[in-house]
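>>> coordinates for the following, if possible.
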Amino acid sequence: MVYPSPAARNVRGFTLIELMIVLAIMAILASAAMPLRELMVKREKEQELRVALRQIRSAIDAYKQAAEEGRITLKADESGFPPRLEELVMGVPDAKSTGNKKKVIYFLRRIPRDPMFIESLDIVGIGPTPAADTWGKRSYESPSDSPKEGDDVYDVYSLSEAIGSNGIPYREW
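Predicted coordinates for the structure are as follows:
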């Protein structure tokens, strides 16, 4: 019969107390990392919001410029801004194009969604909200301090009531 050497008998595994201490330390480190992760996610969404607002506002400005250049046919009472956000994606006929095939001017490939928009769970089975409906729209005739929709889209803003990490509400960006 072979007996283990005295050195081999003294080697043991971890005790339950040692494992509990290690788990407690890991839990403390994980709880410290969670707020940093949440802050990182918030900053990513804020960056997406900045980019989306810049894209839509640039497209609205390009539409207005095309209208001023006479490339978009306007009625006498129209402001020159798009009547709906969807017009930026669907395109408008170029009034200055010649020939039998009219060219179409496109200002956006797609309307970006507001990253701060929260889908309502009350509507079941209808599907996601269209991207154009995730934005608040301001008409040209609407004052900037209380934006309202109207006959055209002069500007867009987030419908979120939350406040950004810079202290300014998202709807004022």
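>>> tell me where this protein has helices.
For the chain, the helices defined by DSSP state H cover 6-9, 16-68, 86-90.
>>> and those helices as CSV, adding distance to residue 116?
Quick note: C-beta positions are derived from backbone N, CA and C, even for glycine. Rendered in CSV, the data for the helices of the chain read as follows (distance: least, Cβ to Cβ, whole Å):
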stretch, distance to residue 116
helix 6-9, 63
helix 16-68, 6
helix 86-90, 20
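>>> relative to residue 103, which of the ones you listed is closest?
Closest of the helices of the chain to residue 103 is helix 16-68, at 11.7 Å (criterion: Cβ to Cβ).
>>> ok, back up a step: deepest-packed of the helices of the chain, please.
Highest mean neighbour count of these: helix 86-90, a mean of 18 (counted as mean count of other Cβ atoms under 10 Å).
>>> from the contact counts, what lies against that one?
helix 16-68 (3 or more Cβ pairs under 8 Å, 6 or more residues apart in numbering; DSSP states H and E).
>>> please tabulate the helices of the chain in TSV, including the columns mean pLDDT.
Formatted as TSV, the helices of the chain follow (pLDDT from 0 to 100):
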stretch	mean pLDDT
helix 6-9	60
helix 16-68	92
helix 86-90	94
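>>> tell me which of the ones you listed lies nearest to residue 148.
Taking those one by one with Cβ to Cβ, helix 16-68 is closest: 16.5 Å.
>>> next one: that closest one to chain centre, how far?
Mean C-alpha position of helix 16-68 versus that of the full chain (Cα atoms, centre = their mean, to the nearest Å) differs by 11 Å.
>>> next: stretch 74-88.
24 Å.
>>> which residues are in contact with that stretch?
Contacting residues not belonging to stretch 74-88 are listed as 56, 59-60, 63-64, 67-68, 72, 106-108, 111, 132, 135, 137, 140-141, 151-154, 156 [Cβ atoms under 8 Å, 6 or more residues apart in numbering].
>>> quick one: end-to-end distance for it.
In terms of Cα to Cα, to the nearest Å, the two terminal residues of stretch 74-88 are separated by 15 Å.
>>> tell me who's in contact with the residue most central in space within the chain.
Note on the chain: the residue nearest the mean C-alpha position is residue 115, at 2.4 Å, using Cα atoms, centre = their mean. Neighbouring residues of residue 115 by Cβ under 8 Å, 6+ apart: 45, 48-49, 52.
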